[in-house]
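Here is a sequence with its predicted model. Questions after.
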Amino acid sequence: MFGPELKARCLRENHPLRLQYAHFSQVADCKLRKSSWIAQFHGWQHICRAVINTDEVGFAMAKYLVTGAAGYIGQRLVHKLLLQGHKIVAVDAGPIESLESLSDSSRGKLELYRTDLSDKAWLSTAMAGVDLCFHLASKGNEEFQHYLPVERQQEDHQVLFNGESFIDALSQSLNVFEVAARADNTPVIFPSCDSVYGPNITYPLTENTCPMPISARGLYKYQVEQYARHFNLRYGLPVTALRLFNVYGMWQDEWQGDVISRFCQAVLNQQPVTLFGNGEQERDFIHMDDVVQGFIKAGRAGFSGFNVFNLCTSEGTSLNRLLDIISSLQGRPMQRNYEPHRSGDLNSAIGCNLKAQRQISFRAEIPIAEGLRQVLKEAGAITLQKAV
């Protein structure tokens, strides 16, 4: 199964999994007959399975389970993986009509299911034969807010401690980890977020920065990270958390809840924009196409432990600068209304992606001006080719 021919092929042809296979082979060469031991070796059997299913040198054909597949990022990830020729088991608790067109053109490589993740028996069936799980299912921003203004503190408190959203979301992630651990430690990659850092004064925010979440969403994501670490330490489950910063971009017809979508919607409707404070708050905005590439690169890395990476651009853009770029692309100024600063809003939240660059070869490729032009274009707006 792991003979010298396959080993030589991986190492000779610059295969993206060559380093992981080389590491595995050093340990497994003397234990090939102990299949039970191999099945517990932190998911390496899934890497080797992907290598065996390679149709052409350097391109590993794999089977992925994607939860939250009809979501903001999930649709784009499923689309990209299908273009690369992989098989996908896509599940979402919400409407999946947006994925049906992909299913029609996938030549049988896409399986669609509408269900939640509370049924562990069904989840076990879906996980069978899967090389890796992209666990994207989560509550939306309307239930887990990134920041906590005074007027929403009581509402946020109810969601966090008395409502069902927090517990339901956490229990579904635990189900995924448990089923993946039972399925020969199928590797799991899931999105965390920059809200875990909270009101941190560290600049830039690195993976070693001490988390101090103050919002329900930040606390939820940080708890999922800690449970993922537990499953790795206790059961050897390979888990990677990708801390996403301010993701933007359009995929579905309706507008999303991020600040860039709201700004673009305002300019297209010729409405004023309200800014809290002086508008110089800086955020690290990353296009969702770059985020999808980050997920794919993390999946190819084949990590065996618990890992955390920032997916960001490492560049800050102020809200005033965002509006300047949008105005420039539209060729007309935007009216701005400035309101007093809100308690809980952060002045700066800029990440550092050096670890992701070094370990998964990730680098954000889409500049903010180009990303904004794409958003406006996909919304049907006529834009200038380049922002002034």
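All right, it came through fine.

The nearest residue to residue 117 once chain neighbours are set aside sits in which helix or strand?
Of all residues beyond its chain neighbours, the one nearest residue 117 is residue 172 (4.0 Å), with distances taken as C-beta to C-beta, 6 or more residues apart in numbering. Yep, even glycine has a C-beta here, placed from its N, CA and C like the rest. Element membership for residue 172 (DSSP states H and E) is helix 165-182.

about what we covered before: which ones are touching the residue nearest to residue 117?
Residues in contact with residue 172 (C-beta atoms under 8 Å, 6 or more residues apart in numbering) are 116, 117, 118, 137.

pLDDT score assigned to it?
pLDDT, residue 172: 93.

So it versus residue 166, what's the distance?
To residue 166, residue 172 is 11 Å away according to C-beta to C-beta, to the nearest Å.

For the stretch 251-388 of the chain, which segments count as strands?
Using DSSP state E, counting those that start in this stretch, the strands of the stretch 251-388 of the chain run over 273-276, 282-283, 285-287, 306-311, 317-318, 336-339, 348-349.

Off-centre distance for the second one?
So the one you mean is strand 282-283. Average the C-alpha atoms of strand 282-283, do the same for its chain, and the two points are 20 Å apart (C-alpha atoms, centre = their mean, to the nearest Å).

Which neighbours in the sheet does that strand have, and how are they oriented?
In the sheet, strand 282-283 lines up against strand 317-318 (antiparallel), strand 348-349 (parallel) (DSSP bridges).

So what touches the first one?
The contact list for strand 317-318 (C-beta under 8 Å, 6+ apart) reads 279, 280, 281, 282, 283, 284, 285, 368.

Of those residues, which is the most crowded?
residue 284 (26 neighbours; other C-beta atoms under 10 Å).

Pull out the buried residues from the longest helix belonging to the chain.
When the chain is scanned for its longest helix (criterion: DSSP state H), the result is helix 216-235. Going by neighbour count (16 or more other C-beta atoms under 10 Å), the buried part of helix 216-235 is 216-225, 227-229, 231-232.

Could you list the low-pLDDT ranges of the stretch 1-150 of the chain?
Across the stretch 1-150 of the chain, the ranges flagged by pLDDT under 70 are 1-60, 103-104, 139-150.

Quick check: pLDDT value at residue 302.
pLDDT recorded at residue 302 is 89.

how many neighbours does it have?
26.

And residue 242, by the same measure?
23.

give me the beta-bridge partners of it?
Legend: beta-bridge partners of residue 242 under DSSP bridges are residue 191, residue 309.

is it true that it touches residue 192?
Yes - counting by C-beta atoms under 8 Å, a contact exists between residue 242 and residue 192, whose distance comes to 6.5 Å.

Please identify every residue contacting each of the two.
residue 308.

now residue 313: how far from residue 272?
Using C-beta to C-beta, residue 313 is found at 28 Å from residue 272.

In contact with the spatially most central residue of the chain, which residues?
In the chain, the C-alpha nearest the mean C-alpha coordinate belongs to residue 191, at 4.0 Å (C-alpha atoms, centre = their mean). By C-beta under 8 Å, 6+ apart, the residues touching residue 191 are 73, 136, 138, 241, 242, 243, 244, 295.

Out of those, flag the one nearest to residue 348.
Using C-beta to C-beta, residue 243 comes nearest to residue 348 of the contacts of residue 191, at 16.1 Å.

Which pLDDT value does the model give the closest one?
98.

Run a quick neighbour tally on the nearest residue to it once chain neighbours are set aside.
Closest residue to residue 243 apart from its sequence neighbours, by C-beta to C-beta, 6+ apart: residue 192 at 4.5 Å. Using other C-beta under 10 Å, residue 192 has 24 other residues around it.

Before we move on, what's the pLDDT of residue 192?
At residue 192, the model reports a pLDDT of 97.

Go ahead and confirm it touches residue 240.
No - contact criterion C-beta under 8 Å: residue 192 and residue 240 do not qualify, at 9.8 Å.

which neighbours do the two share?
Residues touching both residue 192 and residue 240 (C-beta under 8 Å, 6+ apart): residue 308.

For residue 339, name its beta-bridge partners.
Going by DSSP bridges, residue 339 forms beta bridges with residue 276.

and it, how far is that from residue 277?
Taken as C-beta to C-beta, the span from residue 339 to residue 277 is 8 Å.

Lovely, talk soon.
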